Every structure is written in C-alpha cells, then in structure tokens.
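Student: Sequence unavailable; structure follows:
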C-alpha cells in the first residue's frame, strides 16, 4: 500500500459529517485521523478510531497529521488556514476561501514559502449537472455561447439553525455561501469577466444577511447571469445555455448531498448517478440536422477531488482546485457588493 495521508477536520457539523469525513474514510489513501469537537463526540460514534480534540490549536499540535481541512465558519477560514500552514500542515479550505481576496493572496504566499499544498473545496465542480454542462460547452454542441443563466434557488423563509450564518458580518449571506459555487462554475467555464453588475438584497422577513442576488457577468459576446433566491417555491432549471447553434437546459440534479445526508458512504459503483428524468435537454444543429434530445447524465463524485488531493500530495500532480482560482471567486464577490451598493456596472 502507498502512503497514507492522515487528515484532521476542524469541525464536525454538516460539512464535516457530509462532505469530508465519508470521503476520507472510504478512500484508502487517507485516514480520518482527527477532528475538533468541543462537547459532543459524534465523530467517534461513526468512526471509533478518530482522535477528538477540543480546539483547533490542540489538533494543529499533532505532529502525525499531514493534512488539515478548515471547514469552520467563513470568517475564521483565514486565521485557521494560516495557523495550519504555519504549523507545517497541508491545507484544504472550505469555500468561500476567505472573506477578503487579500487574505487569500497572503495564504497562497505562505503556502509557497512553506512548500505546502493549499487547495479550496469547490466541490460543486464535481456535481453531475455541472459536469454535463461543462461537456456541452467544451464540445461546441451549441456553437458560440451567447447567454448563460445559472440558478441556485430554494424555498426557506425561516432563518438557518446555524446561528453564525445569520449574523450581519463580513463573509455571511447567500453570495458568499451559495454564490461561491455559481461564481466558481462560471469562472471555470468562461474565465474572469470584463465587468459585472449585481443586485444583492435581503428578502426573508427576519433576515439581516443577503438571501437574494443576481449577478450579470460581462464577456465580449457573452452574458452570464447568476441568480439565487431563498423564496422560490417552484424552481426554474438550474442551467440555461443559448448559443449560435442551439440551447441546453438542465435541472439541478446531483444527488450526492441527499445520499450523504442519509448516511450512505460514497463507495457504490453507481455513486452519483442521475435518474433519466433529470437528463438535460439539448436542442441544436449537428451536421446540418436539427437535433432535440435528452443527454444521459454523468455521475457526480466528490471523491475525484479527494483523489486529486492525494495525487498532488503523493505524486506531485496538479492541485485539483488551485487557490488562485478561489481568490478570483472572492474578487467577484467583492466587486458584486461594490456594484450593488453603487447600482452600476463595475469594470473588473
């Protein structure tokens, strides 16, 4: 057996339970070795061999750990990631990378100085729906892409039980939370925009953080609209793409989160497979013929990210999500708040 990467997870809330621990546990290249839980010992109930610390500082002092996953509230990402790097640990930071882009640059410089891996967990790159959208864009099935709309909507008027998400402070709100996913997907597909316009609002009756946004990213011959609304009972398709040749429409259909919330481990051969009812509709022209058909979905799998981290640490492969990409996401968020406040288009 090859090298085993011993990983510590900074918290065991939903992020730790659903998006990190199961993948560390199943992948033979990792050991879910340590976790921070201040009062409960939920992790040990499922993973008896995991060592529990009551503070991040105590866990960072564990010399046996190779990798630290910073999955704490957004406002703490910078401080904990910096402390982990200074302790000589390789680091994965949950999205959003940092609250301010300058903080991200400082972490990148520190990781390079220390010769350590630094990556950001933009896991929605590995959703089945986004993977199909990326295939359609890259294959040229629609010709030149002219207009794209990406939604991440939900219906939830009540505030989150996670109190830190509902406090009016830098790093909270829908744009940092769900917007990070949409922006990362847009930038992964089309690069940085030339300019953007944004409308960011609070619409839930008792909310003090943004829970609605619309961003328009301006490219040369392309406009990309990113939308999120917490009060959408009947959701529109998550992806709508129009090109010179045709259109592609896709629901938000990745099932991994739902499976993980049920306690299933990501080790099945058909993990992340889409139901045929969720396949995307392609309506375009191919070789002079008009084609209208549903494209079979690909499997989503967040394990591809963790395997990429393993390959980067052990075999020197490229880091699956570069921190520089995540800094660009934060730059877009910062510019969006500037645009919304000024009610104008802002050059990037």
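Tutor: In hand now; what should we look at? All values reported here derive from a predicted model rather than from experimental measurement. Numbering: from 1, shown residues only.
Student: okay, CA-based contacts and neighbour counts for the rest of this
Tutor: Will do.
Student: Helices of the chain, start to end?
Tutor: Using DSSP state H, the helices of the chain run over 14, 21-26, 42-46, 56-60, 77-86, 101-114, 128-139, 174-190, 256-261, 303-315, 323-342.
Student: Excluding covalently adjacent residues, which one is nearest to residue 59?
Tutor: Nearest non-adjacent residue to residue 59, counting by Cα to Cα, 6 or more residues apart in numbering: residue 53, 5.9 Å away.
Student: How about the contacts made by the one you found?
Tutor: For residue 53, the contacting residues are 34-38, 59, by Cα atoms under 8 Å, 6 or more residues apart in numbering.
Student: what separates it from residue 12, distance-wise?
Tutor: For residue 53, the distance to residue 12 (Cα to Cα, to the nearest Å) stands at 11 Å.
Student: Pull up the overlap in contacts between those two.
Tutor: In contact with both residue 53 and residue 12: 35-37, using Cα under 8 Å, 6+ apart.
Student: Give me the contact list for stretch 94-103.
Tutor: Residues outside stretch 94-103 that contact it (Cα under 8 Å, 6+ apart): 69-72, 74-75, 77-78, 104, 120-122, 170-171, 176-177, 180, 323, 326-328, 330-331, 334.
Student: low-scoring pLDDT stretches of the stretch 201-348 of the chain, where are they?
Tutor: Along the stretch 201-348 of the chain, the model assigns pLDDT under 70 to no residue.
Student: can you put the shared contacts of residue 53 and residue 12 in a markdown table and add distance to residue 110, neighbour count and pLDDT?
Tutor: Shown next, in a markdown table, are the shared contacts of residue 53 and residue 12 (distance: Cα to Cα, whole Å; neighbours: other Cα atoms under 10 Å; pLDDT from 0 to 100):
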| residue | distance to residue 110 | neighbour count | pLDDT |
| --- | --- | --- | --- |
| 35 | 24 | 27 | 98 |
| 36 | 24 | 23 | 98 |
| 37 | 27 | 20 | 96 |
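Student: Show me those that map onto strands.
Tutor: Of the positions in those, 35-36 sit in strands, assigned by DSSP state E.
Student: Same list, the helices of the chain, but as a markdown table with distance to residue 221 and mean neighbour count please.
Tutor: Output for these, formatted as a markdown table (distance: least, Cα to Cα, whole Å; neighbours: other Cα atoms under 10 Å):
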| stretch | distance to residue 221 | mean neighbour count |
| --- | --- | --- |
| helix 14 | 40 | 12 |
| helix 21-26 | 40 | 20 |
| helix 42-46 | 50 | 15 |
| helix 56-60 | 47 | 19 |
| helix 77-86 | 36 | 20 |
| helix 101-114 | 27 | 16 |
| helix 128-139 | 15 | 18 |
| helix 174-190 | 11 | 21 |
| helix 256-261 | 35 | 16 |
| helix 303-315 | 32 | 18 |
| helix 323-342 | 19 | 20 |
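Student: Including distance to residue 8, could those go into TSV?
Tutor: Compiled in TSV, the helices of the chain are given as follows (distance: least, Cα to Cα, whole Å):
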stretch	distance to residue 8
helix 14	16
helix 21-26	9
helix 42-46	12
helix 56-60	7
helix 77-86	10
helix 101-114	18
helix 128-139	28
helix 174-190	23
helix 256-261	20
helix 303-315	14
helix 323-342	20
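Student: so what's residue 81 up against?
Tutor: The contact partners of residue 81, by Cα under 8 Å, 6+ apart, come to 70, 91, 93, 107.
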